[in-house]
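Undergrad: Got a predicted structure plus its sequence, pasted below:
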Amino acid sequence: MKLLVTGGAGYVGSVCAAVLVEAGHDVTIIDNFTTGNREAVPAAARLVEGDVRDKAAEVLSEGGFEGVVHFAARSLVGESMEVPDEYWQHNLVTTLALLDAMRANDVKNLVFSSTAATYGEPEVVPITEDLPTKPTNTYGATKLSIDYAITSYANAYGLGATSLRYFNVAGAYGEIGENREIETHLIPLVLQVALGHRDKIFIFGDDYPTPDGTAVRDYIHIRDLADAHVLALETNTPGTHRIYNLGSGDGYSVKQVIEACRAVTGHPIPAELAPRRAGDPATLIASSAKIKEELGWNPTRTELTTIVTDAWNFTKNLGERAHSAKRVR
Ligand code: UDP
């Protein structure tokens, strides 16, 4: 298929773009490099640099596009509470422009990158798609509002779409892993301690109603996540908007993640207790039964050790590359 991938230089977008290229698709990426990395863009993909809002209509009007995979977004929970205007603009307004550009150019196949943050603090776990959506932060609210827009475009204009609600994406695929200028996620931060780039990891709260008191999350391997996008693209039906959760179905506490990182890296990884982080739910675990049943999604890298090992191999290589770049200078 001839595909547009927005945000294809970001962590999730670039792995999915790589997997789509490997599957034989013809991929054009739009990215403005606010958070993306140039080296993550697959060599075989075409790159259009700029904002999706400005570029989508121009690119799609070239003709021949058969589908869009939409990743480009702001995605930090804390930041979304401080500068909500940017989140509504870059997430909702940009996606509305993209939907209209798709409609104008008769592109009816969309996969949308969404989030567990659309559910908010869950009343029951594992979280199924029919549970109430009550986002507790602006990021989740923008993603949920986009789902409403997609549903109405599917009903009225024949769009065929799938929203994939990710839980905690982690791990690496080949040369691509988590490599952000400002890192806030648990696994990459813990691995930075193992690499010697940080002294210790802070555990944000140990008084949650969980077995060891630290927050529990469902970690999904980036490569398994990418497979779900390919399946969604291949099975979208005009006039239908499907929503699926994507997780491994197992919950791991912050302490268990740190322990897994110690086992994989052989580093003691000092940890220190710190206050809870605002807006963090105690437990988020996905039920992915629906996508397994309906699309035959079959995640194969669900062990935490596999996820951490792949992330660690990427982090070590990144550290070595940064080290030799410094030496060259
Ligand atoms: N966390 C932590 N220390 C850190 C970063 C994260 O204890 O330095 C916790 C965080 O409070 C949450 C879990 O690890 O309970 C996963 O956080 P992350 O930011 O990776 O993903 P989120 O669940 O917020 O999307």
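TA: Right, received. Where do you want to start? Numbers count the residues shown, from 1 in each chain.
Undergrad: How about the contacts made by residue 120?
TA: 133, 134, 135, 136, 140, 281 (C-beta atoms under 8 Å, 6 or more residues apart in numbering). Every residue, glycine included, has its C-beta placed from N, CA and C.
Undergrad: Reformat these as CSV; add pLDDT and neighbour count.
TA: Formatted as CSV, those follow (pLDDT from 0 to 100; neighbours: other C-beta atoms under 10 Å):
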residue, pLDDT, neighbour count
133, 96, 17
134, 94, 14
135, 92, 22
136, 88, 17
140, 95, 24
281, 87, 17
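Undergrad: Columns distance to residue 247 on top of those, output as CSV?
TA: CSV is the format used below for the contacts of residue 120 (distance: C-beta to C-beta, whole Å):
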residue, distance to residue 247
133, 16
134, 19
135, 17
136, 18
140, 16
281, 14
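Undergrad: and the two most separated of the residues you listed?
TA: 133 and 281 (13.5 Å; C-beta to C-beta).
Undergrad: Check the gap between residue 47 and residue 116 for me.
TA: Distance, residue 47 to residue 116, using C-beta to C-beta, to the nearest Å: 30 Å.
Undergrad: and these two? which has more neighbours close in?
TA: residue 116 (24 against 16; other C-beta atoms under 10 Å).
Undergrad: Endpoints of stretch 23-38, how far apart?
TA: One end of stretch 23-38 sits 21 Å from the other (C-alpha to C-alpha, to the nearest Å).
Undergrad: cool, and stretch 246-256?
TA: 21 Å.
Undergrad: which outside residues touch it?
TA: Residues outside stretch 246-256 that contact it (C-beta under 8 Å, 6+ apart): 116, 125-126, 164-168, 186, 203-204, 206, 210-212, 214-221, 224-225, 228, 260, 271, 283-288, 291, 297, 299, 302, 304.
Undergrad: ok, so of the contacts of residue 120, who is nearest the ligand?
TA: For those, the minimum distance to the ligand (C-beta to the nearest ligand atom) is 8.0 Å, reached by residue 281.
Undergrad: Which secondary structure state does the closest one sit in?
TA: Classification of residue 281 using DSSP: H, G, I helix; E, B strand; the rest coil returns coil.
Undergrad: got the buried residues for stretch 10-22?
TA: Of all the residues in stretch 10-22, those buried under the rule 16 or more other C-beta atoms under 10 Å are 10, 11, 12, 13, 14, 15, 16, 17, 18, 19, 20, 21.
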